[in-house]
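[1] All I have is the shape, not the residue letters:
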Ligand SMILES: Nc1ncnc2c1ncn2[C@@H]1O[C@H](COP(=O)(O)OP(=O)(O)OP(=O)(O)O)[C@@H](O)[C@H]1O
């Protein structure tokens with residue numbers, strides 16, 4: 001054992017000031033006297049060395065005195081030369097130990113920088129105070145044990161004030177002690193430190209129980225061993241740093257065992273008492289730490305639950321966040337759509353604004369125009385009033401002018417004669433090309449010369465109101481007829497009939513064919529056209545129509561399609577006016593339009609044709625009478641005018657020699673003769689007019705004579721074989737015409753002219 005004791009430090013001439021750590025003490029004088037000479041001289045030389053601090057012997061005199069007293073008590077045979085004073089300076093070694101310890105604690109999870117701990121600063125203060133208390137207790141114990149401890153404590157205290165590199169403001173060192181000594185007061189940071197792996201936590205208690213299990217402690221052990229363990233340093237380490245490894249404490253034990261002789265039971269007892277106290281304190285601290293850990297465990301559980309709740313909340317918030325992000329994306333998309341729509345709408349709005357501007361300008365223009373038009377309207381209304389007054393006056397004038405026109409027209413018609421005769425020569429049909437024609441010479445529009453082509457070359461001249469040659473059109477014919485229709489509209493009775501040999505063209509003249517309408521359909525059209533024109537003069541017309549035929553002196557209603565044979569009688573309408581007649585049981589239909597009238601004409605024509613089918617020659621041997629009654633009313637003037645048009649397609653005259661049905665021929669010829677007699681009586685102005693001698697003259701009585709206008713067509717065929725019948729018809733017509741023109745003729749007669 002002694003061989004392992006290092007060589008005394010004074011033999012090595014330590015460079016620094018003399019400072020003995022721990023229980024190191026300077027040898028007493030008497031000790032020095034007991035030293036071998038060499039050693040004594042060396043010590044004296046040492047003391048006399050200029051390197052020795054001037055106050056080296058004064059500084060630790062109290063210590064030396066105490067040490068000497070203790071030593072004296074234990075010194076039956078004191079041999080101080082074995083004192084090992086070549087230890088490293090305590091301050092440096094203590095710093096190294098404490099640096100190592102702090103580094104170890106700082107490197108462990110138990111020590112956290114202040115910035116990592118969230119514990120309140122007050123905890124740190126309390127921990128610091130506890131630490132200080134612990135330190136003080138250690139210091140006191142140390143000082144009571146050995147005066148050299150003071151320097152060790154000073155060195156350790158100096159270490160605390162100098163934090164190791166990497167630790168800010170020295171907090172980690174304080175925290176490490178706080179965590180270790182005062183776990184109860186530790187905050188969250190402390191709990192976090194305590195919650196570190198338990199393999200490191202027991203190191204604290206093991207430090208007290210001198211058990212070295214942690215690798216950092218081993219390294220510390222190496223440091224201690226290499227430093228050869230100064231007593232003060234080791235004791236300081238074991239007391240002031242309970243977290244130091246057990247090896248260090250073990251080193252202390254060895255040192256103390258070395259230092260306290262076995263027989264010094266009192267010192268040993270004191271030492272054990274201190275150890276016991278330290279262990280008791282550690283036990284209490286461990287119990288507090290255990291309680292603190294349990295509290296921390298509860299806190300940890302609470303935190304875990306809270307963490308779970310927070311995780312759930314976090315997950316829920318994550319879902320909400322995802323939902324919100326989704327909604328946000330939808331809102332962004334919607335916003336984008338709305339933005340696009342807004343831009344589109346703004347574009348349209350700008351267009352509409354431009355249009356509105358244009359329209360507004362147009363509106364202004366239109367308002368101006370409207371104003372002008374309003375003014376214009378007012379002017380026109382005023383002018384219209386003036387015109388209406390003028391129109392009313394003109395209407396009045398027109399009404400009177402129309403009356404005057406009627407009078408004049410009637411005068412003209414009178415001058416032309418109430419009975420007028422037109423002669424029409426029909427052309428030969430293509431099927432009649434082999435028939436010999438008479439010689440026809442048209443002298444003028446009113447005269448014709450007939451030349452027999454039978455070899456006698458007989459010539460006969462006839463004069464009429466108008467002579468129409470074979471090429472005369474239906475329109476030319478009607479142009480000469482229409483003035484009579486105008487007379488009917490003016491309130492006169494008009495009778496137009498066609499007289500002539502069978503096959504001479506009577507039906508063609510009166511009815512016409514589909515592509516060449518005759519007098520009757522043209523009369524219908526003219527009447528409706530004139531009625532519409534007369535409306536402008538205030539006249540409203542009612543048009544009534546009847547269709548009948550006279551066959552063998554029997555009346556037939558051509559509009560009666562019932563098949564029943566109703567007896568038609570010609571009766572006088574007014575006893576006072578014997579010219580007014582009507583036909584009983586006849587169908588008289590009021591016609592509103594031209595179409596309807598044409599429809600009725602076709603019905604009548606079919607009925608007559610049906611009769612003709614029953615007997616092939618019936619149509620040619622019956623008289624067809626179409627009567628159109630015109631009733632005009634002028635509401636304003638309260639006037640009424642009634643006129644009528646009798647359109648008669650007479651049966652064709654026939655020579656008895658060629659007649660097949662003599663009775664029919666006789667009836668036809670007799671009725672035609674009676675018609676001739678009536679007409680001749682009229683033109684000769686006889687007192688008695690034999691109207692009632694035949695159904696035909698009786699029926700036409702209102703239209704023959706008086707103010708009636710009568711027009712007779714004498715139709716003749718152009719053929720030589722019809723020469724006699726043609727001459728007969730022309731003589732009758734010429735006789736009518738000569739009688740009418742008798743005055744003129746008379747003038748002619750006076751001039752030497754002759755009529756046949
Ligand atoms: N002006 C004319 N132009 C062309 N064809 C005519 C003309 N007049 C008559 N005809 C034709 O001559 C034929 C006989 O004419 P229409 O039947 O009119 O004689 P009508 O005198 O009526 O005979 P009826 O007394 O037997 O009835 C018909 O085919 C008709 O088309």
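    Sure, I can see it. What you are looking at is a predicted structure, and each value in this text was computed from that prediction instead of being measured. Residues are numbered from 1 along each chain as shown.
[2] what about the closest residue to residue 436 other than its chain neighbours, how many residues close to it?
    Of all residues beyond its chain neighbours, the one nearest residue 436 is residue 720 (4.0 Å), with distances taken as CB to CB, 6 or more residues apart in numbering. All C-beta atoms are positioned from the backbone trio N, CA, C, and that covers glycine. A total of 17 residues lie near residue 720 under the criterion other CB atoms under 10 Å.
[3] same deal with residue 390?
    The burial metric for residue 390, expressed as a neighbour count using other CB under 10 Å, is 12.
[4] host element of it?
    According to DSSP states H and E, residue 390 maps onto helix 265-416.
[5] Which secondary structure elements does that helix sit against?
    Based on contacts counted as 3 or more CB pairs under 8 Å, 6 or more residues apart in numbering; DSSP states H and E, the elements that helix 265-416 packs against are helix 121-145, helix 188-194, helix 202-208, helix 474-489.
[6] Backbone dihedrals for residue 491, both of them.
    Reported as degrees, to the nearest 10, the phi and psi values for residue 491 are phi 110, psi 20.
[7] Enumerate every residue touching it.
    By CB atoms under 8 Å, 6 or more residues apart in numbering, the contact list for residue 491 reads 406, 632, 641, 642, 643.
[8] For beta bridges, what are the partners of the fourth one?
    Applying DSSP bridges to residue 642 yields these beta-bridge partners: residue 631.
[9] for it, what are its contacts?
    The neighbourhood of residue 642, defined by CB under 8 Å, 6+ apart, consists of 491, 629, 630, 631, 632.
[10] Compare these and tell me which is most surrounded.
    The most neighbours of any of those, using other CB under 10 Å, belong to residue 630, which has 24 neighbours.
[11] Can you pull the domain assignment for this structure?
    Recorded structural domains for the chain (assignment: the TED database) are 268-393, 417-738.
[12] Can you say which of the ones you listed is nearest to the ligand?
    Using CB to the nearest ligand atom as the criterion, the shortest distance between the ligand and these is 2.4 Å, found for domain 417-738.
[13] for the record, mean pLDDT for that closest one?
    Mean per-residue pLDDT for domain 417-738: 85.
[14] Could you check it against the ligand for contacts?
    Yes: residues of domain 417-738 contacting the ligand under CB under 6 Å from any ligand atom: 426-427, 429, 500, 502-508, 619-620, 652, 715.
[15] May I ask which two of these are separated the most?
    Comparing every pair within the residues of domain 417-738 next to the ligand by CB to CB identifies 427 and 619 as the most remote, at 21.1 Å.
[16] Those two: who's more crowded?
    When neighbours are counted by other CB under 10 Å, residue 427 and residue 619 differ, and residue 619 comes out ahead with 22 against 14.
[17] picking that back up, just the buried residues of the residues of domain 417-738 next to the ligand.
    In terms of neighbour count (16 or more other CB atoms under 10 Å), the buried residues within these are 426, 500, 502-508, 619-620, 652, 715.
[18] Go through these and name the one nearest residue 359.
    Residue 359 has its nearest neighbour among those in residue 508, at 68.8 Å by CB to CB.
[19] Could you list which residues are in contact with the closest one?
    The neighbours of residue 508, taking CB under 8 Å, 6+ apart as the test, are 426, 518.
[20] Tell me which helix or strand it sits in.
    Mapping residue 508 onto the secondary structure by DSSP H and E places it in helix 506-510.
[21] Would you mark the buried spots in stretch 480-493?
    For stretch 480-493, burial by neighbour count (16+ other CB under 10 Å) applies to 480-481, 483-493.
[22] now do stretch 548-556
    For stretch 548-556, the neighbour count (16+ other CB under 10 Å) marks 548, 549, 550, 551, 552, 555, 556 as buried.
[23] got it, and stretch 379-399?
    For stretch 379-399, the buried set under the neighbour-count rule, 16+ other CB under 10 Å, comprises residue 399.
[24] which outside residues touch it?
    Taking contacts as CB under 8 Å, 6+ apart, the residues outside stretch 379-399 that touch it are 537, 538, 634, 637.
[25] and that stretch, average pLDDT?
    On average, the pLDDT along stretch 379-399 is 84.
[26] Can you pull the residues of the stretch 301-450 of the chain lying near the ligand?
    By CB under 6 Å from any ligand atom, the residues of the stretch 301-450 of the chain that approach the ligand are 426, 427, 429.
[27] so the first one makes contact with residue 713?
    When you say that, I think you mean residue 426. No: taking contact to mean CB atoms under 8 Å, the distance of 10.9 Å between residue 426 and residue 713 leaves them out of contact.
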